[in-house]
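Q: What would the 3D arrangement of this be:
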Amino acid sequence: MQKIVLFIGLTVALLANEVTFKGEEVTLNSKGIKVGKDAPVFTVIDQNFAEVTVGGKKDKVQVIAFIPSFDTGVCKLETMAFNKKVSKMKNVIVTVISKDLPFSIGKFCYDNKIKNVMTLSDYKDANNVLRYGSTISAPVFLEGFFARVVYVVDTKGKIAYKEVVKEITEEPNYNEVIRAVNRLSY
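A: Below is the predicted model:
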């Protein structure tokens, strides 16, 4: 029995990304999608409880940012930074996704004048995000929340850039995200 448990534990450790939250180790459900692979299509909910399709092939470059909650300081800074930076970019759709409820996201956007990014909720079916390796699987008190992960998807639906932010309480590298988008935008 011990051999089976050890094997399962090693398998999970090999499959998952490890990041930190305030210095403590956090395990994600998988390593996510590699650059060059297809970005799976999934459905999330907007502020009006309408379904929105994210991922896959689109006529614009996609930035897909997963965050723990719009109700935290770093997530607020990230969303506001993308909102400001994207207003100057063409041929790009930025989506910021959390498990927050749609009406909470709507209040957040109103209070912070967020108009240039799509703020979406995956409260209904977090299994969507599992494929992107963005769901926290340990420790228990964070289980099910999203880590801070950013993907850039080209117009053919392929992953062109990926950043798993190693410390969840830090912002992503916006300059690298913008470089990736600029390489793809025309």
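
Q: what residues are up against the spatially most central residue of the chain?
A: What sits nearest the mean C-alpha location of the chain, by Cα atoms, centre = their mean, is Phe66, with 1.9 Å. With Cβ atoms under 8 Å, 6 or more residues apart in numbering as the criterion, the residues that contact Phe66 are 97-98, 129, 132, 134, 146-150. The C-beta positions use only the backbone N, C-alpha and C, and glycine is treated the same way.

Q: got a pLDDT number for it?
A: With respect to pLDDT, Phe66 has a value of 96.

Q: Use 355 as the first number for this chain going forward.
A: Taking 355 as the first residue, the last one we looked at is Phe420.

Q: what sits opposite it in the beta ladder?
A: Ile451, Val503 (DSSP bridges).

Q: Could you do Thr381 as well?
A: Those that pair with Thr381 in a beta bridge, by DSSP bridges, are Glu372, Ala492.

Q: That one: neighbouring residues, count only.
A: Counted by other Cβ atoms under 10 Å, the residues lying close to Thr381 total 19.

Q: That one is in contact with Phe375, isn't it?
A: No. Counting by Cβ atoms under 8 Å, Thr381 sits too far from Phe375 to count as a contact (10.7 Å).

Q: For this protein, just list every one of the strands.
A: Under the criterion DSSP state E, the chain contains strands at 372-375, 378-382, 396-399, 405-408, 415-420, 446-452, 472-475, 490-492, 503-507, 513-518.

Q: Could you export the ones you listed as a markdown table, including distance to Thr426?
A: Formatted as a markdown table, these follow (distance: least, Cβ to Cβ, whole Å):
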| stretch | distance to Thr426 |
| --- | --- |
| strand 372-375 | 11 |
| strand 378-382 | 15 |
| strand 396-399 | 19 |
| strand 405-408 | 21 |
| strand 415-420 | 13 |
| strand 446-452 | 9 |
| strand 472-475 | 14 |
| strand 490-492 | 14 |
| strand 503-507 | 15 |
| strand 513-518 | 18 |
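
Q: do you know which of these lies nearest Arg537?
A: Among the strands of the chain, the nearest to Arg537 by Cβ to Cβ is strand 513-518 (7.3 Å).

Q: Give me the packing partners of that closest one, helices and strands only.
A: Applying 3 or more Cβ pairs under 8 Å, 6 or more residues apart in numbering; DSSP states H and E, we find strand 513-518 packed against strand 503-507, helix 528-538.

Q: rewinding a little: can you redo the contacts of Phe420 as a markdown table with pLDDT and neighbour count?
A: Output for these, formatted as a markdown table (pLDDT from 0 to 100; neighbours: other Cβ atoms under 10 Å):
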| residue | pLDDT | neighbour count |
| --- | --- | --- |
| Ile451 | 96 | 27 |
| Ser452 | 95 | 27 |
| Val483 | 74 | 26 |
| Tyr486 | 92 | 25 |
| Ser488 | 90 | 30 |
| Phe500 | 93 | 24 |
| Ala501 | 95 | 25 |
| Arg502 | 96 | 24 |
| Val503 | 97 | 26 |
| Val504 | 97 | 26 |
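
Q: I am finished for the moment; much appreciated.
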